[in-house]
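Enquirer: here is my input; please provide its structure:
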Amino acid sequence: MDNVYNINWRKFIIENLEVDLRRAKTVKWLEVLFKPIIRLHIEFLAFRTQALYKVNHNSQICYLQAVLNDSFDNVQRRIIIRNAKIKEPLWFYEPEENKPVVFYEPEDNKPVYFREEWELLGDGADFTVLVPIDLKPLTALEEVAFLIKMKAQLDYYKLFVKNYIILWV
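Expert: Numbering: from 1, shown residues only. Sure thing, here's the model as predicted:
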């Protein structure tokens with residue numbers, strides 16, 4: 001199927017000329033006339049390659065990771081995407097029920113901690129993008145540009161309802 005789009009323009013010009021018009025000067029003149037068409041064809045091939053790449057990648061973690069590594073760390077491919085840790089729900093019971101987690105009344109004067117503080121960091125994110133610190137640009141402006149590009153890539157491929165955090169590791 002790819003051979004359909006590969007065109008040898010010189011051969012195309014020569015083969016579509018009448019035999020008695022196949023002179024070097026005529027072929028060169030037609031090649032000059034075909035320059036804009038050849039340029040458009042090259043642009044079309046680049047667009048086609050980009051469109052096929054986008055169609056072949058979706059919001060699955062392995063594809064998102066591949067897209068980010070292709071764009072930002074093509075050689076070492078160190079960018080990793082991790083799913084968020086799903087926390088088990090806490091069920092609260094009255095002390096009389098003899099269940100595992102008990103909710104105490106304020107008059108008992110015992111503080112109840114439902115989660116540790118570190119467990120709450122990053123809440124709301126469905127996945128985390130871990131970017132090696134080596135890739136972090138030196139200036140703040142370059143870092144902002146880098147993050148904008150990365151977020152644009154992620155936003156294009158991820159599902160609309162998914163949230164993420166980008167961390168330098």
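Enquirer: Ala140 and Tyr156: what is the separation?
Expert: Here Ala140 is placed at a distance of 25 Å from Tyr156 (CB to CB, to the nearest Å). Just so you know, the C-beta spots here come from the backbone N, C-alpha and C atoms, and that holds for glycine as well.
Enquirer: can you check Ile13 too?
Expert: Using CB to CB, we find Ile13 at a distance of 39 Å from Tyr156.
Enquirer: tell me which of Ala140 and Tyr156 has more neighbours.
Expert: Shown here are Ala140 and Tyr156; by other CB atoms under 10 Å, Tyr156 has more neighbours (12 against 8).
Enquirer: so what's Ile38 closest to, chain neighbours aside?
Expert: Trp9 (5.4 Å; CB to CB, 6 or more residues apart in numbering).
Enquirer: check contacts around that neighbour.
Expert: 31, 34, 37-38, 41 (CB atoms under 8 Å, 6 or more residues apart in numbering).
Enquirer: need the residues you listed in a markdown table (columns: pLDDT and distance to Leu17).
Expert: Below are the contacts of Trp9 laid out as a markdown table (pLDDT from 0 to 100; distance: CB to CB, whole Å):
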| residue | pLDDT | distance to Leu17 |
| --- | --- | --- |
| Glu31 | 96 | 11 |
| Phe34 | 96 | 12 |
| Ile37 | 97 | 16 |
| Ile38 | 97 | 17 |
| His41 | 96 | 19 |
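Enquirer: go through these and name the one nearest Leu135.
Expert: Minimum distance to Leu135 across those is 35.6 Å, recorded for His41 (CB to CB).
Enquirer: buried residues in stretch 139-153, which are they?
Expert: Within stretch 139-153, the residues that count as buried by 16 or more other CB atoms under 10 Å are 146, 150, 153.
Enquirer: alpha carbons only: can I get that stretch in PDB?
Expert: C-alpha atoms of stretch 139-153 as PDB (Å, rounded to 0.1, in the frame of the first residue of the first chain):
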ATOM      1  CA  THR A 139      16.300  27.900  32.700                       C
ATOM      2  CA  ALA A 140      12.800  28.400  34.100                       C
ATOM      3  CA  LEU A 141      11.600  29.600  30.700                       C
ATOM      4  CA  GLU A 142      12.900  26.500  28.900                       C
ATOM      5  CA  GLU A 143      11.300  24.300  31.600                       C
ATOM      6  CA  VAL A 144       7.900  26.000  31.100                       C
ATOM      7  CA  ALA A 145       8.200  25.400  27.300                       C
ATOM      8  CA  PHE A 146       9.200  21.800  27.900                       C
ATOM      9  CA  LEU A 147       6.200  21.200  30.200                       C
ATOM     10  CA  ILE A 148       3.800  22.900  27.800                       C
ATOM     11  CA  LYS A 149       5.000  20.600  25.000                       C
ATOM     12  CA  MET A 150       4.700  17.500  27.200                       C
ATOM     13  CA  LYS A 151       1.300  18.500  28.500                       C
ATOM     14  CA  ALA A 152       0.100  19.100  24.900                       C
ATOM     15  CA  GLN A 153       1.200  15.600  24.000                       C
END
